[in-house]
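**Student:** Build the 3D model from these lines:
(one chain, ligands or ions: 1)
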Amino acid sequence: MSERTMLECQGVTRVYNEGPQDLTVLDQLSLNVRAGERVAVVGSSGSGKTTLLNLLGGLDRASEGDIVIAGQSIKGLSEAEIGRFRNRHIGFVYQFHHLLAEFTADENVAMPLIIRGMRRREARAQARTLLARVGMEPRAAHKPGELSGGERQRVAIARALVTDPSLVLMDEPTGNLDQTTAGRILELMDDIARTSQCAFVIVTHDTGLARHQDRVLHLDQGRLVEQP
Ligand SMILES: Nc1ncnc2c1ncn2[C@@H]1O[C@H](COP(=O)(O)OP(=O)(O)OP(=O)(O)O)[C@@H](O)[C@H]1O
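**Tutor:** Residues are numbered from 1 along each chain as shown. The predicted structure is shown next:
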């Protein structure tokens, strides 16, 4: 792990203005994650974990405060700039992977590179390299519907990493997997954390997965509290 800060949140607040009463979900939240560091975020249902991930990924905007990723504040970016920034710096892994059903595994992984303007052939080659890294090269030509849950999740991880992101956001990455498959995903994440300098923020209800990370932070009353 390096000493370099990859993600910094300062005074991040998110208020939903719906209905007669405002709902303050995140309240002056602070967070620092270093390059190569993996942080688990735990918290009860409705505590604001998804809200936090959406803000970190630039899918939603903070009501107050600033988020700095790889030295860039995302506060003042336009929607188009945020889109480009996300493509360049952020990898997402969702619980239900969100792979495109009509495309093969390697096409799914190549997609973020093609969106960036890379030639198809080169993008597919890079996608294959990443798929090999997650042990999915032999299944590269298969569509998501022909893959198991764990295989799909490995493809989703490959897709999140193919752009060499600064920050990887994971929402229950082992949520719908059996224990053995979840264990394999954990090993894979260990390997990636060792070899890459990206920061990981992993939202989970799985205490085993949380304890496996460098730090566990509890989201409570709108703020993150370090758990011993
Ligand atoms: N777009 C929205 N408008 C109004 N309120 C919202 C909106 N999105 C979320 N909320 C509310 O904000 C709170 C936090 O929701 P969030 O989805 O971030 O929680 P969570 O910790 O991810 O929960 P879970 O573990 O159940 O998925 C909840 O009370 C929710 O009802």
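**Student:** Verify the contact between residue 7 and residue 71 for me.
**Tutor:** No - using CB atoms under 8 Å, residue 7 is not in contact with residue 71; the gap is 10.4 Å. (C-beta placed from N, C-alpha, C; glycine too.)
**Student:** So which of those two has more stuff around it?
**Tutor:** Between residue 7 and residue 71, counted using other CB atoms under 10 Å, the more crowded position is residue 7 (24 against 10).
**Student:** quick one: contacts for that one?
**Tutor:** By CB atoms under 8 Å, 6 or more residues apart in numbering, the contact list for residue 7 reads 31, 32, 33, 56, 67, 68, 69, 166, 167, 199, 201.
**Student:** and the fourth one, how far is that from residue 200?
**Tutor:** In this case it means residue 56. 11 Å (CB to CB, to the nearest Å).
**Student:** Burial check on the residue nearest to residue 58 when sequence neighbours are not counted, number of neighbours?
**Tutor:** Once flanking residues are discounted, residue 58 sits nearest to residue 82: 4.3 Å by CB to CB, 6 or more residues apart in numbering. By other CB under 10 Å, 16 other residues sit near residue 82.
**Student:** Now do residue 82, the pLDDT please.
**Tutor:** Looking at residue 82, its pLDDT is 94.
**Student:** secondary structure element for residue 200?
**Tutor:** Secondary structure from DSSP states H and E places residue 200 in strand 199-203.
**Student:** Check whether that strand comes into contact with the ligand.
**Tutor:** No - using CB under 6 Å from any ligand atom, strand 199-203 stays clear of the ligand, coming no nearer than 7.1 Å.
**Student:** continuing past that strand, what's the next helix or strand?
**Tutor:** Next along from strand 199-203, by DSSP H and E: helix 207-211.
**Student:** ok, back up a step: what touches both of residue 56 and residue 200?
**Tutor:** Contacts common to residue 56 and residue 200, judged by CB under 8 Å, 6+ apart, are residue 167.
**Student:** Determine the number of other residues adjacent to residue 215.
**Tutor:** Quick note: residue 215 (other CB under 10 Å) scores 14 neighbours.
**Student:** So which residue is dead centre in this protein?
**Tutor:** Here the mean C-alpha position of the chain is nearest to the C-alpha of residue 169 (CA atoms, centre = their mean), at a distance of 1.4 Å.
**Student:** contacting residues for that one?
**Tutor:** With CB under 8 Å, 6+ apart, residue 169 has these contacts: 53, 56, 57, 90, 91, 92, 93, 201, 203.
**Student:** swap the cut-off to 6 Å and go again
**Tutor:** Neighbouring residues of residue 169 by CB atoms under 6 Å, 6 or more residues apart in numbering: 53, 56, 57, 92, 201.
**Student:** and the fourth one, what does it touch?
**Tutor:** Same thing as residue 92. If you count contacts by CB under 6 Å, 6+ apart, residue 92 has them with 160, 169.
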